[in-house]
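Novice: sequence isn't available, so here's the structure alone:
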């Protein structure tokens, strides 16, 4: 079906490729996420965060007026989407539709109406195909334009299907996981006044530790993409996986391994406050090895900018607006609050 063909094309991104294809595809996007280019984004991220928080329609004024604010819709979603839209050259006006489509493809089919996931795959494929055609006609100063023109690295340019798959991966990974990081960190600190006070007092090192502990404790990406064994593997307990067996690596489970992390279910940013702590408790939220996340530095930068600004803008008595449990994304791919409604308690 057209939807299945669209899914196969979009799923052909570099995370699902072995070397040498993986190296070739990754090389095409690496330059956009080089440390100096990412660090140069800090002033723009600060500007965007301040606008979302303290602008006329921002989080702080709405709370001060007695309103209820969904921190996902008002801050955790728009900030990374605006950032990655600028890096990649995706029109800001398209972000609401893109969020809905990527939400669907990141959810299990049985959690949505029949046909919703297949429809979303087709819509994403059509959108990125048209975006790439637009970049051919009117290139800009952005990563997608560079990818379309083959200006990002030595070697042959990406073909049509590879461009569509790369566009999907960079956008999806560029905002979805960072949105979940910001939302989950906000939820953790709203529930823990002592940690919130410690972060405010501890400055940038403590905020960085909050981000790392959130990445471990509430992994924004629960599982890696599917893998297959290349040979027969025997696991603990006598479990044998034959060659070519499908394997889902659950990063969230590894990040709560009691053999690696003391008190794995406890939220303790202090474990990352020292260099020794960072070495002794490395998490797998960004993956590992050749497929490690290209955007890890950008995600950390956005958290370093966003979290202290958010909690400086929130009144001390801000808290959950609802008594019901916070709703979460369904499935085993991505994890984060679907909404996080807060209000000022007068």
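Specialist: Received it, and whenever you're ready, just let me know what you need. Everything numeric in this text was worked out from a predicted model, so none of it was measured.
Novice: going by C-alpha atoms from here, please, whenever you check contacts or count neighbours.
Specialist: Noted.
Novice: let's verify residue 157: helix, strand, or coil?
Specialist: Classification of residue 157 into helix, strand or coil gives coil, according to DSSP: H, G, I helix; E, B strand; the rest coil.
Novice: list the buried ones in stretch 129-146?
Specialist: Going by neighbour count (16 or more other CA atoms under 10 Å), the buried part of stretch 129-146 is 129, 131, 132, 135, 139, 142, 143, 144, 145, 146.
Novice: with stretch 245-260 instead?
Specialist: 250, 251, 252, 254, 255, 256.
Novice: what is the burial count for residue 125?
Specialist: Here the count is done by other CA atoms under 10 Å, and residue 125 has 23 residues near it.
Novice: name the helix or strand for it, please.
Specialist: Residue 125 is part of helix 116-137, with elements assigned from DSSP states H and E.
Novice: after that helix, which helix or strand is next? Please name it.
Specialist: Of the helices and strands lying after helix 116-137 in sequence (DSSP H and E), the nearest is helix 143-149.
Novice: look at the residue lying closest to residue 2 once chain neighbours are set aside and report its pLDDT.
Specialist: Nearest-residue entry for residue 2: residue 122, 7.0 Å, with adjacent residues in sequence omitted and distances by CA to CA, 6 or more residues apart in numbering. pLDDT recorded at residue 122 is 90.
Novice: show me what contacts residue 122?
Specialist: Residues counted as contacts of residue 122 (CA atoms under 8 Å, 6 or more residues apart in numbering) are 2, 3, 6, 7.
Novice: are any of those buried, and which?
Specialist: 3, 6, 7.
Novice: figure out how far the helix or strand where the second one lies is from the centre of its chain.
Specialist: Under the assignment given by DSSP H and E, the secondary-structure element containing residue 6 is helix 2-10. The gap between where helix 2-10 is centred and where its chain is centred comes out at 23 Å by CA atoms, centre = their mean, to the nearest Å.
Novice: what's the helix or strand where residue 183 lies packed up against?
Specialist: In this structure, residue 183 is located in helix 160-190 according to DSSP H and E. For helix 160-190, the helices and strands in contact under the criterion 3 or more CA pairs under 8 Å, 6 or more residues apart in numbering; DSSP states H and E are helix 2-10, helix 78-88, helix 116-137, helix 143-149, helix 193-202, helix 204-217, helix 296-313, strand 318-320.
Novice: list the buried residues for that helix?
Specialist: With the criterion 16+ other CA under 10 Å, helix 160-190 contains buried residues 161-190.
Novice: the inter-axis angle of that helix versus helix 193-202?
Specialist: Relative orientation of helix 160-190 with respect to helix 193-202: 110 degrees, computed using axes from the mean of the first three to the mean of the last three CA atoms, to 10 degrees.
Novice: quick one: average pLDDT of helix 160-190?
Specialist: Helix 160-190 shows a mean pLDDT of 89.
Novice: stretch 329-346 now?
Specialist: This predicted structure assigns stretch 329-346 an average pLDDT of 86.
Novice: same question for stretch 294-304.
Specialist: The predicted model assigns stretch 294-304 a mean pLDDT of 94.
Novice: for it, give me every contacting residue.
Specialist: Counting contacts by CA under 8 Å, 6+ apart, the residues touching stretch 294-304 from outside are 30, 33, 35, 38-39, 42, 45, 80, 173-174, 178, 181-182, 204, 207-208, 211, 286.
Novice: so how far is it off the chain centroid?
Specialist: Averaging C-alpha positions (CA atoms, centre = their mean) puts stretch 294-304 9 Å from its chain's average.
Novice: in the chain, which helix or strand is least confident?
Specialist: Taking mean pLDDT, DSSP states H and E as the measure, helix 275-280 is the helix or strand of the chain with the lowest mean score, a mean of 74.
Novice: can you name every helix or strand that it contacts?
Specialist: For helix 275-280, the contact count by 3+ CA pairs under 8 Å, 6+ apart identifies no helix or strand as a packing neighbour.
Novice: can you tell me how far residue 80 sits from residue 248?
Specialist: 27 Å (CA to CA, to the nearest Å).
Novice: could you give me the buried positions within stretch 191-206?
Specialist: 195, 196, 199, 200, 206.
Novice: what distance separates the helix or strand hosting residue 102 from the centre of its chain?
Specialist: Per DSSP H and E: residue 102 is located in helix 95-105. A distance of 13 Å separates the C-alpha centroid of helix 95-105 from that of its chain, computed with CA atoms, centre = their mean.
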